[in-house]
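Visitor: Sequence first, then the predicted structure:
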Amino acid sequence: QLQLAESGGGLVQPGGSLRLSCTALGFALEKYAMIWFRQAPGKEREGLSCISGSANDFRNYADSVKGRFTISRDIAENTVYLQMNSLQPEDTAVYYCAASTEYYCSNRGPPPVDYWGKGTLVTVSS
């Protein structure tokens, strides 16, 4: 069974950092485009960052997180990460990772998602 398991969420003070992890179970995530989304209370789900399959490695970011968040991948660990720095209260949301068989990311928006993780809650508060 193909699954994505996120971890690393929690409570952090404004200006702090967190690193989210997303481990793929049952498939090799290097063959997929991997995407991080978030959904804040009362808001629509927002695509944050995408990394293409490993042979391409293209990465992009939403304007709301550009310069603060970094996506990366560890093929040996079959895990994709989202390093989040300079967190602010408006970053409070449930964060989801997702996989797309489209393989490539583009600046036209996230590719269609084939697999979703269950999400991890990030709360930024003093």
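Guide: Noted; the coordinates are in hand. All of these numbers come straight from a predicted model, not from anything done at the bench.
Visitor: make it CA atoms for all contacts and neighbour counts henceforth
Guide: Will do.
Visitor: So the residue positioned nearest the centre of the chain: helix, strand or coil?
Guide: What sits nearest the mean C-alpha location of the chain, by Cα atoms, centre = their mean, is Trp36, with 2.3 Å. At Trp36, secondary structure determined by DSSP: H, G, I helix; E, B strand; the rest coil is strand.
Visitor: can you pull the contacts of Phe37?
Guide: Residues in contact with Phe37 (Cα atoms under 8 Å, 6 or more residues apart in numbering) are 45-49, 95-98.
Visitor: same question but for Gly53, I mixed them up
Guide: Gly53 neighbours (Cα under 8 Å, 6+ apart): 29-34, 103-104.
Visitor: cool, and Arg73?
Guide: Arg73 is in contact with 30, 79-81, counting by Cα under 8 Å, 6+ apart.
Visitor: can you put those residues in TSV and add neighbour count?
Guide: Shown next, in TSV, are the contacts of Arg73 (neighbours: other Cα atoms under 10 Å):
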residue	neighbour count
Glu30	24
Thr79	21
Val80	24
Tyr81	21
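Visitor: Save those residues as JSON lines, and put in pLDDT, secondary structure and distance to Ala55 too.
Guide: Shown next, in JSON lines, are these (pLDDT from 0 to 100; DSSP: H, G, I helix; E, B strand; the rest coil; distance: Cα to Cα, whole Å):
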{"residue": "Glu30", "pLDDT": "94", "secondary structure": "helix", "distance to Ala55": "8"}
{"residue": "Thr79", "pLDDT": "97", "secondary structure": "strand", "distance to Ala55": "16"}
{"residue": "Val80", "pLDDT": "98", "secondary structure": "strand", "distance to Ala55": "15"}
{"residue": "Tyr81", "pLDDT": "98", "secondary structure": "strand", "distance to Ala55": "18"}
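Visitor: Which member of these is positioned nearest Ser21?
Guide: Tyr81 (4.6 Å; Cα to Cα).
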